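Trainee: what follows is a predicted structure for the sequence shown.
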Amino acid sequence: MEKTESKSRFQQAIDTITKVAEVTTKLGIVHCQAEDKELDGRHITVDGGKKLYFGSCGYLGIEKHPKIIEAATEALRTHGAQFASSRAYISSSYYEEAEALFKQMYGRPGLVLQSLTLGHITQLPLLVGDEDVVIMDIQSHDSIQSATSMLKLRNIKVEVIRHNRMDMLEDRIKFLKNRHRKIWYLADGVYSMHGDFAPVKELYALADKYEQLYLYLDDIHGMSWTGPHGTGMVMNEAPYYHRKLFLSTGMTKAFGTAGGLLTFPDDEYFKLVKTCGKGFIFSVQLPPAIIAANIASCKIHLSDEIKGLQASLKSKIDYFNNKAESLGLMLVGKEQSPVFFIGVGKPEVGYELVLRMQKGGFFFNLSVFPAVSIKQTGLRITLTNHNTIEDIDSLLETLAENLPVVLKNHNTNMDEVREYFAGH
């Protein structure tokens, strides 16, 4: 008999993702193509059908703000489509103003990079020393998890703990504090799947209690729509920037532009990453038009206009939460955030439900295994200022009408769905 070689965990994961992608692509759930010649933020055209769009992370809806468009257009005209040099040698004339404005927003030095994924890869290997240890929330964004693989190459210990379990975190701190120089806790500010928050005040208390604990938080999904001057959920929950906080974020969501932003508790760390960070040295910089757009968006954030934009979105978030609850829809990780996760249980329920909703004129995202557990499939719905109250009513009422039918089609019910999500 021929020997069957066992596959590595990595290859098993690749095989699983490939199979799921084949199914969902064939159904028209993923790898879709927008067909619009012009976008209004409220609608998206897919397969010839115009649909209400609940899949954008541009929460404030300012990606077509006149001031942003004007700034980007002017920079494109005067500076061209690129500035093709490493920032280690020379930066586009726009960077200095952009980083000064971000420093004004956060009260701490900030470094702009091409993306936040590159930011994590750039700074984590510099911040975490060989005698340090890392503890990571299991639901931390994949960009953080990928960056930790670089630490493992140096034999730095990386532990994973259950989501938002501060009791488990403190137990590990107590165990590790006499064995390592620093303890780094890695987590999201607003988690991208369920839209729930990190317990910032509890984390600050632990950082005060244990001198070795340092906090590394990715708040890209919290930026702009909340916090003073749109500085995000972390800065909204805490009244100050902790001396051991490393807050990373990005401009690709509610900020309305592009790029990643690393902020630092002091100039020493800022200089370290700027001097030694590989993403800063070896990657081409953002196009001048994007940096100019960042400057324009910073000025919006530093003006009173941001308050009205935030208030508008928060009123819609509250309406969505209340409407969903009144219709008996199960929101997982319910928070006052523009990211909603409605649990539906089995993958086949999610497939049919999304197709029915697309046919009914709605487009949003499906979260399915292996991104979530096999029976924790859910509808990941995001809300922007482009969506109206009438849009929300139409979406949720249509969803509430279709869900019981689809559950019945697959021999399940809401009681089973609640069991699948017990503990969330």
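Mentor: Okay, I see it.
Trainee: show residues contacting stretch 300-317.
Mentor: For stretch 300-317, the external contacting residues (Cβ atoms under 8 Å, 6 or more residues apart in numbering) are 59-62, 65, 67-68, 101, 104-105, 224-226, 229-230, 255, 336-338, 383-385, 387, 389, 392. Just so you know, the C-beta spots here come from the backbone N, C-alpha and C atoms, and that holds for glycine as well.
Trainee: filter those residues down to the buried ones, PyMOL style.
Mentor: Typed into PyMOL, the line below selects the buried ones among the contacts of stretch 300-317, using 16 or more other Cβ atoms under 10 Å:
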select buried, resi 59+60+61+62+65+67+68+101+105+224+225+226+229+230+255+337+338+383+384+385+387+392
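Trainee: for the nearest residue to residue 119 once chain neighbours are set aside, which residues are in contact?
Mentor: Take residue 119 and drop its neighbours on the chain: the residue closest to it by Cβ to Cβ, 6 or more residues apart in numbering is residue 260, 4.0 Å away. Contact criterion Cβ under 8 Å, 6+ apart gives 112-119, 220, 248-252 as the residues in contact with residue 260.
Trainee: where's residue 260 relative to residue 95, distance?
Mentor: In this view, residue 260 and residue 95 are 13 Å apart by Cβ to Cβ, to the nearest Å.
Trainee: so what sits against both of the two?
Mentor: Common contact partners of residue 260 and residue 95 (Cβ under 8 Å, 6+ apart): residue 112.
Trainee: circling back to that earlier point, from the contacts of residue 260, which is closest to residue 239?
Mentor: Checking the contacts of residue 260 against residue 239 with Cβ to Cβ, the nearest one is residue 249 at 18.3 Å.
Trainee: which residues does residue 345 contact?
Mentor: Contacts of residue 345 were listed using Cβ under 8 Å, 6+ apart, and they are 375, 376, 377, 407, 412, 416, 417, 420.
Trainee: pretty sure the first one sits against residue 422.
Mentor: No: proximity of residue 375 to residue 422 does not meet the contact threshold set by Cβ atoms under 8 Å, at 11.0 Å.
Trainee: which one of those two is surrounded by more residues?
Mentor: residue 375 (18 against 6; other Cβ atoms under 10 Å).
Trainee: for that one, give its distance to residue 189.
Mentor: Here the distance between residue 375 and residue 189 works out to 28 Å (Cβ to Cβ).
Trainee: hang on, the earlier thing: residue 168: which of the contacts of residue 345 is nearest?
Mentor: Distance to residue 168, by Cβ to Cβ, is smallest for residue 376 among the contacts of residue 345, at 20.4 Å.
Trainee: need the contact list for that closest one.
Mentor: Taking Cβ under 8 Å, 6+ apart as the criterion, residue 376 is in contact with 343, 345, 420, 421, 424.
Trainee: inside helices: which ones of these?
Mentor: Counted as lying in helices by DSSP state H, out of the contacts of residue 376, are residue 420.
Trainee: of all the contacts of residue 376, the one with the weakest confidence?
Mentor: The pLDDT minimum for these sits at residue 424, where the score is 65.
Trainee: hey, C-alpha coordinates of stretch 281-290 in CSV?
Mentor: The C-alpha trace of stretch 281-290 is given here as CSV (Å, rounded to 0.1, in the frame of the first residue of the first chain):
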residue,chain,number,x,y,z
ILE,A,281,13.5,52.3,4.9
PHE,A,282,12.8,49.8,2.2
SER,A,283,9.3,50.5,1.0
VAL,A,284,8.2,53.3,-1.4
GLN,A,285,6.2,56.1,0.2
LEU,A,286,2.5,56.9,-0.3
PRO,A,287,1.6,58.9,-3.4
PRO,A,288,1.5,62.7,-2.8
ALA,A,289,-2.2,62.8,-3.6
ILE,A,290,-2.9,60.4,-0.7
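Trainee: nice, that's everything, thank you.
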